[in-house]
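[1] pasted the sequence and its predicted model underneath.
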Amino acid sequence: MSARWPLAALAALVAAWPWLASRYLVFLASLILVNAVVAIGLNLLSGYTNQLSFGHAGFLAIGAYTAALLTIHAPALPVIVALAAAGLLTAAVGLAFGVPCLRLHGLYLAMATLAFGIVIAEAILNLDPLTRGADGLRVPIARLGPWPLAGDAARYYLVAGVAALMTAAAVNLVRTRTGRAFLAIRESEIAAEASGVPVARYKTIAFGLSAFYTGVAGGLFAFVVGFLSPDAFDVFLSVDFVVMIIVGGLGSVPGSIVGAAVVTVLNDSLAGFQGYRALVFGAILIACMLFMPGGVTRALRAVTAPSRRTSMRLPTVGLLALVLLAVAAPAVAEPGVSDTEIVLGCSNSFSGPLAFTGEQATKFGVDLYFKVVNDGGGIYGRKVRTVYYDDGYKPQEAVANTRKLVEQDGIFAVIAPQGTPPVVATLDYLETNKVPLLFPFQGSPIVRGHKYVFSGMTLYDRQSRMMIDYLAGQRKYRTFAALYQDDEYGKAFLGAFEKDLGRHKLKLVAAEPVKRGVNDVSAQIAKLQAARPQVTFLVLTPPAGAQALKERQKTGWTETLMVSSGPLTDERYLALAAEAAEGVEGLSLWPDPVASELPAMKTFRDAMQKYFAKNEPNRYALSGYFAALLFSEGARRTGRNLTRDGLVTALESIKGWDNGILPPITIGADHETQRQGFWVRVERGHFKQLTDWLKAD
């Protein structure tokens, strides 16, 4: 009886978890169990047959997209069937990949699996009609017969049930003849073969089993997260899985669960510091190899446990319970508002291609204005506190971070998130939970007209109308082309360009896409140059935009006017191209942060000098500063009883508001806060204003 109580305690904890924890911790526990299934599968391959794989993110992606696509195209399909199909298809791919890898060992096998993971991510990215590529794929709610698994608790129990079955199967497998063959191969392939073990067959079986486990986990992952994007399945995710089995213990099923719990919670704790993940995980790996070469479970087993039979179970139960309970926090009764404070936050890019923008807009923009507000006594006596997490410009990370902000941190509203793909990915979740999404730094028209969403910049279709009317109307250009990012950001502009050119009876003579994260645009520039447009729009992130300008300079293509679009229109980002940016034109949405003589702009610069003297004023910081200014105006109009619906009503009441930075603002039913911009040209590294404020009503 004493040998079984730890299992009973663990089962009770797992069963009761949705009743003990907040919604976010239920979601986090589901992710731990999903990762545990992956770790068990990887341990069957690496821990039991000594085949190291850095490609399991690719297997996870196959399973996730298989389950998601089956659910999209066959909504009545039971979730168990979708998971089984995901596992079997992934296993088939694993077997097909495992056969040619039989002769590979060590570093060569690791590099082959690494390449496999990269190929799978690229395939998903390029199969746009099926997977929606970089825009990401929304996963429908899974169904178990007639019952939709709509809530976090329902999805948790699905994951827990499948994980329990997969764990039991793995524990029993390692006790069978197959398991003993795996162990023999791990100890010595030569000795195993001499003993009559068909090494090639069992190594192939290990690949297939590992892929099956990971494919099933991928299906569970799709249903738990609800949104898939290919950049989430990168090499770093595969490294995470390897860290899990090393930390937990190679060749240990319980160790796989412990490792998954430790790494998942660590990842969650580092959500605001993605740039330090590699450093932290590297330190953990080194520490494990030096001080715990057998992993956490083996180290604990050496210290405690009265008997061999319970030694593997008791530490697992205790550690898993402690890890989960360590992150537990009491739920906030009133979301984000107390007698003393208002809590706001966002998921933003503090790493990746838009790291500078994210940091400036939040820490040197939003926080700058709230420092002024808080030092002045707050809003009706309440100080404003902000919470930020890093998504690295990855939609899937933005979804998870936003859930954490809402369900664990209990924020009142999301303020000033960045990037069209991440913002669009969180839109449905925030609307469903009635959480205001305030002034995102993106311009996709998809945010227009939502009750709880207020745009943060002139939307892309309005920007397009102003740009086309100015260039085709006033300046009489007739041929246009576009180099655009192949995701929601670029496509929103592309569709608007085509529509607005149609009003002038014109068409794009060429349009070349660039995959997100790709900076080599030489082939696209060559194709655009061959089309000989008078105007070429750049709808790109800063690194790709700078490369386009440098490539244009290198080829001597001077016959086209390069026009930056959207957030790319900033001196600092265009300066990445150095002298190649000279003469670039664009639509600027904000006054000059350094030279504007507007009184409110002087106030902005004075505040920057007071609180962040070493940070140079810039348009991104100004955009965040203005977002905080606009929120504060709405909160003051709401009154002392600050509620989400009250804030929405107060913001809708803003008519002709003279804010001192932008022309007077009127917020209508479409919840647009800006409708204007002015034309600029880069001269000697700075924008020269060429027009007064343009409008697109």
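    The structure has been received and is ready for your questions. Numbers count the residues shown, from 1 in each chain.
[2] what ranges does the stretch 251-400 of the chain have for its helices?
    253-269, 277-291, 295-303, 308-311, 314-326, 355-361, 367-375, 395-407 (DSSP state H, counting those that start in this stretch).
[3] what angle do helix 277-291 and the first one make with each other?
    Think helix 253-269. 150 degrees (axes from the mean of the first three to the mean of the last three Cα atoms, to 10 degrees).
[4] identify the residues contacting stretch 467-481?
    For stretch 467-481, contacts defined as Cβ atoms under 8 Å, 6 or more residues apart in numbering pick out 497, 500-501, 503-504, 506, 508-512, 528, 531-537, 560-561, 563, 565, 587, 679, 691, 694, 696. C-beta here means a position set from N, CA and C on the backbone, and glycine is covered the same way.
[5] 7 Å instead?
    Residues from elsewhere that reach stretch 467-481 (Cβ atoms under 7 Å, 6 or more residues apart in numbering): 497, 500-501, 504, 506, 508-511, 528, 531, 533-537, 563, 587, 679, 694.
[6] please identify the buried residues of it?
    467-472, 477, 479-481 (16 or more other Cβ atoms under 10 Å).
[7] pLDDT (mean, whole number) over that stretch?
    What stretch 467-481 shows for mean pLDDT is 94.
[8] how long is that stretch end to end?
    By Cα to Cα, to the nearest Å, the extent of stretch 467-481 from end to end equals 13 Å.
[9] now stretch 441-448
    Stretch 441-448 has an end-to-end distance of 14 Å (Cα to Cα).
[10] list the contacts of that stretch.
    By Cβ under 7 Å, 6+ apart, stretch 441-448 touches 361, 416, 418-420, 423-424, 427, 440, 453, 455-461, 463, 488, 492, 566-567, 623, 670, 672.
[11] repeat that for 8 Å
    357, 361, 416-420, 423-424, 427, 437, 440, 453, 455-461, 463, 488-489, 492, 496, 566-567, 620, 623-624, 670-672.
[12] what residues of it count as buried?
    Buried-residue list, stretch 441-448, by 16+ other Cβ under 10 Å: 441-447.
[13] just stretch 138-156 next, same as before
    Under the neighbour-count criterion of 16+ other Cβ under 10 Å, stretch 138-156 has 139, 142-143, 149, 152-156 buried.
[14] got JSON lines for those residues, with secondary structure too?
    Below are the buried residues of stretch 138-156 laid out as JSON lines (DSSP: H, G, I helix; E, B strand; the rest coil):
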{"residue": "Val139", "secondary structure": "coil"}
{"residue": "Ala142", "secondary structure": "coil"}
{"residue": "Arg143", "secondary structure": "strand"}
{"residue": "Leu149", "secondary structure": "coil"}
{"residue": "Asp152", "secondary structure": "helix"}
{"residue": "Ala153", "secondary structure": "helix"}
{"residue": "Ala154", "secondary structure": "helix"}
{"residue": "Arg155", "secondary structure": "helix"}
{"residue": "Tyr156", "secondary structure": "helix"}
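[15] quick check, nearest of those to Gly381?
    Among those, Asp152 lies closest to Gly381 (Cβ to Cβ), at 34.9 Å.
[16] helix, strand, or coil at the residue nearest to that closest one when sequence neighbours are not counted?
    Once flanking residues are discounted, Asp152 sits nearest to Val26: 4.6 Å by Cβ to Cβ, 6 or more residues apart in numbering. Per three-state DSSP, the local secondary structure of Val26 is helix.
[17] does Val26 really touch Ala153, like I thought?
    Yes: taking Cβ atoms under 8 Å as the definition, Val26 is a contact partner of Ala153 at 6.1 Å.
[18] give me the common contacts of these two.
    Pro18.
[19] do a quick rundown of the helices in the stretch 101-250 of the chain.
    Using DSSP H, counting those that start in this stretch, helices in the stretch 101-250 of the chain cover 106-126, 128-131, 152-173, 177-187, 189-194, 199-225, 235-248.
[20] so which bits of the third one are buried?
    Just to be clear, that refers to helix 152-173. Neighbour counts over helix 152-173 (16+ other Cβ under 10 Å) mark 152-160, 162-163, 166-167, 170, 173 as buried.
[21] closest to Ser46 among those?
    Among the buried residues of helix 152-173, Ala170 lies closest to Ser46 (Cβ to Cβ), at 13.5 Å.
[22] state the distance from the closest one to Gly255.
    In this view, Ala170 and Gly255 are 12 Å apart by Cβ to Cβ, to the nearest Å.
[23] repeat that for Ala169.
    Using Cβ to Cβ, one gets 17 Å for the distance from Ala169 to Gly255.
[24] over to Gln553?
    Here Gln553 is placed at a distance of 56 Å from Gly255 (Cβ to Cβ).
[25] with Tyr625 instead?
    For Tyr625, the distance to Gly255 - Cβ to Cβ - is 49 Å.
[26] before we move on, what about Glu672?
    For Glu672, the distance to Gly255 - Cβ to Cβ - is 54 Å.
[27] give me the more crowded residue out of those two.
    Just comparing Glu672 and Gly255: by other Cβ atoms under 10 Å the higher neighbour count belongs to Gly255, 30 against 21.
[28] how deep is the closest residue to the more buried one other than its chain neighbours tucked in, by neighbour count?
    Excluding the flanking residues, the one nearest Gly255 by Cβ to Cβ, 6+ apart is Gly249, at 3.0 Å. Look at Gly249: counted by other Cβ under 10 Å, it has 27 neighbours.
[29] and what of Ser596?
    Other residues lying near Ser596 total 18 when counted by other Cβ under 10 Å.
[30] quick one, grab the pLDDT at it.
    pLDDT, Ser596: 90.
[31] that's all I had, so thanks and see you.
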